[in-house]
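**Q** Quick one: sequence plus predicted model below, questions after.
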Amino acid sequence: MDIFQIAAIAIIGTILAITVKPYRAEIAVLISVGTGVLILLQIIGSVSGIFSEFYSLIAKSGVDLSYFTLIVKIIGIAYVTQLASEICKDAGQGAVALKVELAGKALVMLMTMPVLSQFLQVIIEILQ
C-alpha cells in the first residue's frame, strides 16, 4: 500500500467531483463513491495480510479463535457503517446516514450478545 497512490486517487477524485458537481450533482456523487472504492481496493491486500498474521498469532497463543473472529467482524461492521454513512452524507442524505449509523450500532450490540451472555454466566457461577 503506497500512501502516495492513495493520496493521488483521493485528490484526483475530489477535483473531478468538485468540477462536475455544479453541472451534474449525481455524477459527482458517483465519482466520490468510485474514488472510495478505488481506495478500498488499494488497501485490501494489506489488510488481508494483517488479518492472516493476527490469525496465526491467535492460533499460537491458544486463545479461542471465535473471540478474535467476533472482534474482526465488529471492526468490519464499524468501518462499513462509517463508509456508508459518509457516502450518504456526501450525497446530501443526512437522515439516511443517521439510520445507517443506528443500524451499525444495533448490529454491533447483536454480535456482542453471546460474549456478554457468557460473561454473565461466569459471574453467576462465581457468585453461587
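**A** Structure's in. What do you need? Quantities reported herein were computed from a predicted structural model and do not represent experimental measurements.
**Q** buried sites along stretch 19-31?
**A** By 16 or more other Cβ atoms under 10 Å, the buried positions in stretch 19-31 come out as 20, 28-29, 31. (C-beta placed from N, C-alpha, C; glycine too.)
**Q** Which helix or strand contains the most centrally placed residue in the chain?
**A** Centroid-nearest residue in the chain: Tyr79, 1.4 Å away (criterion: Cα atoms, centre = their mean). Per DSSP states H and E: Tyr79 is located in helix 65-90.
**Q** which other helices and strands contact the helix or strand that that helix is followed by?
**A** Going down the chain from helix 65-90, the next helix or strand is helix 94-127, by DSSP H and E. Judged by 3 or more Cβ pairs under 8 Å, 6 or more residues apart in numbering; DSSP states H and E, helix 94-127 is in contact with helix 65-90.
**Q** so for the helix it packs on, what's the average pLDDT?
**A** Regarding helix 65-90, the rounded mean pLDDT is 87.
**Q** Give me the angle between that helix and helix 94-127.
**A** For helix 65-90 against helix 94-127, the angle by axes from the mean of the first three to the mean of the last three Cα atoms, to 10 degrees is 160 degrees.
**Q** where's the lowest-mean-pLDDT helix or strand in the chain relative to the chain centroid, distance-wise?
**A** Lowest on mean pLDDT, DSSP states H and E among the helices and strands of the chain sits helix 25-61, with a mean of 84. Here helix 25-61 is found 9 Å from its chain centre; the criterion is Cα atoms, centre = their mean, to the nearest Å.
**Q** Could you list the buried residues of it?
**A** For helix 25-61, burial by neighbour count (16+ other Cβ under 10 Å) applies to 28-29, 31-33, 35-36, 39, 58.
**Q** Output the buried residues of stretch 19-31 as a markdown table; include the columns distance to Val96.
**A** Formatted as a markdown table, these follow (distance: Cβ to Cβ, whole Å):
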| residue | distance to Val96 |
| --- | --- |
| Val20 | 22 |
| Ala28 | 17 |
| Val29 | 13 |
| Ile31 | 19 |
